[in-house]
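Asks: Here's my sequence, what's the structure:
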Amino acid sequence: MRDGPSRPLARGGGTRRGAGFALALLSLLSSVGVAPTVWGCCADVRATGPTATPSLLRRRDESLPTQAASHGPELAQRVADVARGGPAEPAAGGPVGGSGAVPPAASFEEWVTSHKIPVGDAVTRAVEYVKRHGAGLFDGTSAAVRTSTALVQRLLEATPAPVLIAAVAIIAFWVRRSWSVTLFVVGALLFIINQGYWEATLETTTLVLVAASVSTAIGVPLGILAARHPGLYALMRPVLDLMQTLPTFVYLTPTLVLFGLGVVPGLISTVIFALPAPIRLTHLGISSVPRALVEAGEAFGATRLQQLVKVELPSAAPTIIAGITQCIMLSLSMVVIAALVGAGGLGVPVVRALNTVQVGMGFEAGIAIVLLAIILDRIARPADTGGSS
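Replies: Numbering: from 1, shown residues only. Here you go, the predicted model:
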């Protein structure tokens with residue numbers, strides 16, 4: 001008596017499960033064209049009634065995998081799993097393949113990536129446009145840079161090495177008033193000659209002198225102008241931050257495209273990298289001039305130019321010189337990178353040693369770069385108040 005009522009309930013449960021199964025497959029296969037078969041199966045289940053449910057379910061289980069196989073083995077496996085009561089269908093909006101539902105975070109990342117802002121394409125088009133319409137300007141700039149660097153390098157190479165060493169030693173003693181610094185300069189230059197890197201050192205010195213001169217000629221006036229106009233400095237600050245933090249290879253690529261191989265892209269990239277230092281420190285020096293000095297100049301009737309030359313620049317001179325020194329050091333730090341685009345100098349043996357794994361050559365060239373950096377730093381900085389005489 002207890003077994004009799006249980007069979008209709010089982011048949012009713014089977015009917016409900018069959019209908020639910022068909023509706024689930026309908027949502028899974030509707031995007032690939034198998035949905036009409038599933039929907040027909042659902043209609044047959046609803047129309048036939050409880051007594052015909054087992055045969056319809058058997059026919060459904062035999063036909064649906066065959067229909068799904070035409071749309072790919074992965075989908076057929078998915079349908080077979082669902083038919084056996086296996087993994088549930090993926091969440092709406094997720095991919096059909098794979099195991100399990102796609103996390104919402106992954107779907108969000110895919111959506112954001114699919115709506116990518118074309119920054120790289122815009123920069124590429126801009127560089128191509130500038131290259132196509134500014135060929136004359138770039139050719140003139142390349143000619144000016146090559147001429148200036150060639151003149152400086154020719155002058156250095158035409159000077160005999162002993163004369164050049166003596167001149168650098170005299171300048172070092174005149175600036176530092178220190179015999180120890182002077183002897184160090186002479187010994188460092190003789191060591192560079194001994195290691196066979198004198199010609200490369202002259203090329204690097206040329207690059208550093210020209211780049212530092214251009215950066216100083218541009219940076220100091222911009223720093224003075226920014227100190228006089230705070231709004232201008234507020235606009236310049238993000239650009240200076242970008243120039244200092246952007247990897248050098250990023251702006252080395254467009255300069256290489258615009259100017260080609262050689263010393264020109266290396267020097268321009270060096271100027272871009274070293275320019276923020278004199279601008280920032282000149283702005284700092286002029287802004288830090290005591291207000292009493294400025295008012296004294298105004299009280300004596302000094303013009304803006306006289307006040308700048310006789311009051312502000314002498315007061316800010318230590319800070320400005322520190323900016324120029326940093327500019328020289330930053331220019332020297334670009335030696336190896338500039339050598340990658342054909343600038344020459346001490347970066348060439350470093351790059352060659354890196355490519356051929358010659359530790360000795362790289363160490364020798366690295367010592368030469370360090371010694372040159374120390375010489376330029378000692379000459380560029382003024383003498384300390386407690387220095388020996």
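Asks: Hmm, residue 310 and residue 294 touching each other?
Replies: No. At 11.4 Å, residue 294 does not count as touching residue 310 under the criterion of CB atoms under 8 Å. Using the backbone N, CA and C atoms, a C-beta is placed for each residue, glycine as well.
Asks: quick one: the helices in the stretch 201-350 of the chain?
Replies: 230-245, 248-259, 263-274, 276-287, 291-299, 304-307, 313-333, 335-339, 347-356 (DSSP state H, counting those that start in this stretch).
Asks: And the ones you listed: which comes nearest residue 220?
Replies: Proximity to residue 220, assessed across the helices of the stretch 201-350 of the chain by CB to CB, is greatest for helix 276-287 (5.0 Å).
Asks: about what we covered before: any chance of JSON lines for the helices of the stretch 201-350 of the chain, columns mean neighbour count, mean pLDDT and distance to residue 180?
Replies: Shown next, in JSON lines, are the helices of the stretch 201-350 of the chain (neighbours: other CB atoms under 10 Å; pLDDT from 0 to 100; distance: least, CB to CB, whole Å):
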{"stretch": "helix 230-245", "mean neighbour count": "13", "mean pLDDT": "90", "distance to residue 180": "34"}
{"stretch": "helix 248-259", "mean neighbour count": "17", "mean pLDDT": "82", "distance to residue 180": "35"}
{"stretch": "helix 263-274", "mean neighbour count": "26", "mean pLDDT": "89", "distance to residue 180": "29"}
{"stretch": "helix 276-287", "mean neighbour count": "24", "mean pLDDT": "93", "distance to residue 180": "28"}
{"stretch": "helix 291-299", "mean neighbour count": "12", "mean pLDDT": "86", "distance to residue 180": "36"}
{"stretch": "helix 304-307", "mean neighbour count": "12", "mean pLDDT": "86", "distance to residue 180": "40"}
{"stretch": "helix 313-333", "mean neighbour count": "20", "mean pLDDT": "90", "distance to residue 180": "19"}
{"stretch": "helix 335-339", "mean neighbour count": "23", "mean pLDDT": "83", "distance to residue 180": "26"}
{"stretch": "helix 347-356", "mean neighbour count": "17", "mean pLDDT": "87", "distance to residue 180": "29"}
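Asks: Make a markdown table out of those and add distance to residue 169.
Replies: Listed next are the helices of the stretch 201-350 of the chain as a markdown table, based on distance: least, CB to CB, whole Å:
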| stretch | distance to residue 169 |
| --- | --- |
| helix 230-245 | 34 |
| helix 248-259 | 33 |
| helix 263-274 | 26 |
| helix 276-287 | 27 |
| helix 291-299 | 37 |
| helix 304-307 | 38 |
| helix 313-333 | 19 |
| helix 335-339 | 23 |
| helix 347-356 | 26 |
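Asks: Residue 187: which of these is closest?
Replies: Here helix 313-333 is closest among the helices of the stretch 201-350 of the chain (CB to CB), at 19.4 Å.
Asks: Now residue 194: which helix or strand?
Replies: Residue 194 belongs to helix 179-195 when elements are defined using DSSP states H and E.
Asks: what comes up buried for that helix?
Replies: Neighbour-count burial for helix 179-195, counted by 16 or more other CB atoms under 10 Å, picks out 181, 182, 184, 185, 186, 188, 189, 192, 195.
Asks: Now do the contacts for the residue lying closest to residue 326 once chain neighbours are set aside.
Replies: Closest residue to residue 326 apart from its sequence neighbours, by CB to CB, 6 or more residues apart in numbering: residue 277 at 4.1 Å. The neighbours of residue 277, taking CB atoms under 8 Å, 6 or more residues apart in numbering as the test, are 215, 219, 323, 326, 327, 330.
Asks: What's the separation between the last one and residue 289?
Replies: So that's residue 330. Using CB to CB, to the nearest Å, residue 330 is found at 25 Å from residue 289.
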